[in-house]
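In: Here is my input, please return the structure:
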Amino acid sequence: MKPLSTRFAAAAAFILAAGVMTAGAPPVTAATPADTLVIADRIDDIVSLDPAEVFEFAGGDATRNMYDKLVEFDPRNIGPLVGGLAESWTISDDGMTYVFKIRQGVKFQSGNPMTAADAEFSLRRAIILKKTPSFILTQFGFNADNVAQKIRATGEFELTVTVDKPYAPTFFLYCLTATIGSIVDKNLAMSHEQDGDLGYEWLKTHSAGSGAYSLRSWKPSESYVLERNDDYWRGKPPMKRVIVRHVAESASQRLLVQKGDVDIARGLSPDDIAALRKVSGVKIEEDLKGRIWYFALNQKNPILANPDVIMAMKYLVDYKAIADNILRGQVSVHEAYLPLTYLGAIKDTPYHLDVAKAKALLAKAGYPNGFETTMHVRNASDRLEVAQAMQATFAKAGIKVKLITGTGKQTLAVYRARKHDIYMGLWGPDYPDPHTNADTFADNPDNRDEAKLTGKLAWRNSYFDPAMNKATQAALIERDTEKRRKLYEDAQRRWQKTSPFSVMFQQIIQTAERDNVNNFVTGGAIANTYYWITTK
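Out: Residues are numbered from 1 along each chain as shown. Modelled structure (predicted):
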């Protein structure tokens, strides 16, 4: 790693000073460097920065700016697919073979030229490593034994990929926009290979992409720093570097952005948003996201697996009160697994707080006096407030819930191991096709512990419903758009009545920015955040 520059040292010094300031020292007004974008966010969920492993919100934001994919979204017009490292592509008449024309003249941050061999290596590598998000690709029939035949560089600038069956026309392409579709510098990654790991240990804490920024440093649960790629093929990004610092408390974020110590604050409470609306020099931007708030009941717990208990708990949440009084302006009530703007999304909200109905259901289930259980929740202020509100309304029917809190990494570890009772959290789509959420919330082909289908929330909660599996797969391969829409609508209405999940809200991101910040794009409902078009 090259020595820190004087300007980088100054930026690091002021952000450290800002952290000290929030601990109780008198506020000191600071100005961020003109060529540096400084962001306060919650990034304690990052477990790795290898794009083959990244499956968390903050890690997705970081890697989106370090790596490119074959197929992308234009941050200035999110919606239509556009060429990324693939200039164009064709699909065979039978819908099973995709041929990508690779863009020429692109260089990785290392200076190595990007070719189809890198794309071949990256997709094969993601499948062979078999990390949590690998299902996004393996669902197309790829495995370690067949990738050499199914994913091939058929020319220096041509990649040919053959899937196992015809899918809805855009489905495979949308999946390539996910983080796991990132194209890695083969030569650089393999120069750091250890014991056949395809560079995995090194890439957890380094970058090897062609994106707008490279990773300068990452300190878990503290900060990461990105350095500009001056030779970026789309053009040199305006900001020389991006510093993202973990600031868990909303009040601390508010003070930092108010004083100008950070340019952007991304984890603010409704109260702090309301206060900042009155502050000169700060603006509030809003964006409907694909993230949904939900709670889930682990079906390994026999009490929580009782259908009447499941239904009772859905009637023991005051959705509207939480949206109106706790998450004011940051969510809308939403009770289906597909977020609004997705094909097949529905607006049905069949559940509301009804303690009498919940008590009757609990009595029918054999628990007239309720029961005791636990809920795992990340120790972020907004989630804790929501969990406490749920705890209070559950108690009205005799259900005593103990909250177990931890960092994002800690709570996810328990959740992915299926060792929770109730989990309350957020879920964001991995790609903008409806299968992304149908697959995780409704499909579980193998409920055994040893299956380790950790990317599927249905598996994490031991929810196994063959009828829902069948409905999900039928919608996946339907090539008529309107018929496919109807399949998802019908499936969600059944799922709302029978699954151990309760979707509560769809998130509206409220971001506080200094008024000199422009073009900070948080990606709408279908993408992550973009730093490389942001200006000051």
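In: List the residues that contact the residue nearest to Pro220 when sequence neighbours are not counted.
Out: Nearest non-adjacent residue to Pro220, counting by Cβ to Cβ, 6 or more residues apart in numbering: Ile46, 6.6 Å away. Every residue, glycine included, has its C-beta placed from N, CA and C. Listed by Cβ atoms under 8 Å, 6 or more residues apart in numbering, the contact set of Ile46 reads 54, 56, 58-59, 62, 218, 220, 224, 409.
In: Report the buried members of those.
Out: The neighbour-count test (16 or more other Cβ atoms under 10 Å) marks 54, 56, 58-59, 62, 218, 224 as buried among the contacts of Ile46.
In: so which of the residues you listed comes closest to Val317?
Out: Of all the buried ones among the contacts of Ile46, Glu56 has the smallest distance to Val317: 25.1 Å, by Cβ to Cβ.
In: any low-confidence regions in the stretch 401-536 of the chain?
Out: For the stretch 401-536 of the chain, no stretch has pLDDT under 70.
In: tell me the helices in it, going along the chain?
Out: With helices called from DSSP state H, counting those that start in this stretch, the stretch 401-536 of the chain shows them at 408-416, 435-442, 457-460, 466-477, 481-498.
In: Could you export the buried ones among the contacts of Ile46 as TSV, including distance to Thr481?
Out: Below are these laid out as TSV (distance: Cβ to Cβ, whole Å):
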residue	distance to Thr481
Val54	31
Glu56	31
Ala58	34
Gly59	32
Ala62	34
Trp218	41
Tyr224	40
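In: Sitting in strands, which of these do you find?
Out: For the buried ones among the contacts of Ile46, membership in strands holds for 218, 224, with DSSP state E as the criterion.
In: Looking at the buried ones among the contacts of Ile46, spot the one nearest Tyr488.
Out: The shortest approach to Tyr488 among the buried ones among the contacts of Ile46 belongs to Glu56, at 25.8 Å (Cβ to Cβ).
In: Now that closest one. Nearest residue, chain neighbours left out?
Out: Nearest residue to Glu56 in three dimensions, chain neighbours excluded: Asp45, at 4.1 Å (Cβ to Cβ, 6+ apart).
In: Does that neighbour touch Ala62 like I think?
Out: No: if you go by Cβ atoms under 8 Å, Asp45 and Ala62 don't touch, sitting 11.2 Å apart.
In: related to what we said a few turns ago, is the residue nearest to Pro220 located within a strand, as I assumed?
Out: No: going by DSSP: H, G, I helix; E, B strand; the rest coil, the assignment for Ile46 is coil, not a strand.
In: From Leu412, how far out is it?
Out: From Ile46 across to Leu412, the span is 11 Å (Cβ to Cβ, to the nearest Å).
In: what residues are shared contacts of these two?
Out: Glu56.
In: Contacts only, for Asp490.
Out: Ala471.
In: same thing but at 7 Å, please
Out: Residues counted as contacts of Asp490 (Cβ atoms under 7 Å, 6 or more residues apart in numbering): none.
In: quick one: it from Ala336, how far?
Out: From Asp490 over to Ala336 the distance is 12 Å, taken as Cβ to Cβ.
In: what's the answer for Arg152, then?
Out: The value you get for Arg152 to Ala336, if Cβ to Cβ is used, is 39 Å.
In: out of these two, which sits in the more crowded spot?
Out: Ala336 (26 against 16; other Cβ atoms under 10 Å).
In: check contacts around the more buried one.
Out: Applying Cβ under 7 Å, 6+ apart, we find Ala336 in contact with 345-346, 348, 492, 496, 503.
In: Which element, helix or strand, includes it?
Out: Per DSSP states H and E, Ala336 falls between elements, in no helix or strand.
In: element containing Ile310?
Out: Per DSSP H and E: helix 307-314 holds Ile310.
In: Which elements pack onto that helix?
Out: Counting contacts by 3 or more Cβ pairs under 7 Å, 6 or more residues apart in numbering; DSSP states H and E, helix 307-314 packs against helix 355-365.
In: Let me know the pLDDT of the most centrally placed residue in the chain.
Out: Nearest to the mean C-alpha position of the chain, by Cα atoms, centre = their mean, lies Phe57 at 3.8 Å. pLDDT, Phe57: 89.
In: Next up, the contacts around it.
Out: Contact partners of Phe57, counting by Cβ under 7 Å, 6+ apart, are 45, 428.
In: Pro432 versus that one, what's the distance?
Out: 16 Å.
In: again, but for Tyr224
Out: 26 Å.
In: Check Thr535 too.
Out: The gap separating Thr535 from Pro432 is 26 Å, by Cβ to Cβ.
In: neighbour-wise, which of the two wins?
Out: Neighbour count, other Cβ under 10 Å: between Thr535 and Pro432, Pro432 has more, with 25 against 12.
In: Make sure the more buried one is actually in contact with Ile526.
Out: Yes: in this structure, Pro432 is within contact of Ile526 by Cβ atoms under 7 Å, at 3.5 Å.
In: And the strands in the stretch 51-200 of the chain?
Out: Remark: strands assigned in the stretch 51-200 of the chain by DSSP state E, counting those that start in this stretch are 71-73, 81-83, 86-91, 97-102, 151-155, 158-162.
In: Give the other helices and strands that the fourth one contacts.
Out: Contacts of strand 97-102 with other secondary structure elements, assessed using 3+ Cβ pairs under 7 Å, 6+ apart, are made with strand 86-91, strand 158-162.
In: Now render these as CSV, adding mean pLDDT and mean neighbour count.
Out: Below are the helices and strands packed on strand 97-102 laid out as CSV (pLDDT from 0 to 100; neighbours: other Cβ atoms under 10 Å):
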stretch, mean pLDDT, mean neighbour count
strand 86-91, 97, 15
strand 158-162, 98, 20
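In: In TSV: the ones you listed, plus distance to Asn325.
Out: Output for those, formatted as TSV (distance: least, Cβ to Cβ, whole Å):
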stretch	distance to Asn325
strand 86-91	47
strand 158-162	49
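In: burial of Val163, as a residue count?
Out: That count, for Val163 with other Cβ under 10 Å as the rule, works out to 19.
In: how close does the spatially closest residue to it that is not a sequence neighbour get to Ala471?
Out: Excluding its sequence neighbours, the residue lying closest to Val163 (Cβ to Cβ, 6+ apart) is Phe140, at 4.2 Å. Separation of Phe140 from Ala471 (Cβ to Cβ): 20 Å.
In: likewise Ser88?
Out: Here the criterion is Cβ to Cβ. By it, Ser88 lies 34 Å from Ala471.
In: What of Pro445?
Out: Relative to Ala471, Pro445 is positioned 13 Å away (Cβ to Cβ).
In: neighbour-wise, which of these two wins?
Out: Ranked by neighbour count (other Cβ under 10 Å), Pro445 and Ala471 place Ala471 first, with 21 against 14.
In: Would you agree the more buried one is in contact with Ala491?
Out: Yes: at 4.4 Å, Ala471 counts as touching Ala491 under the criterion of Cβ under 7 Å.
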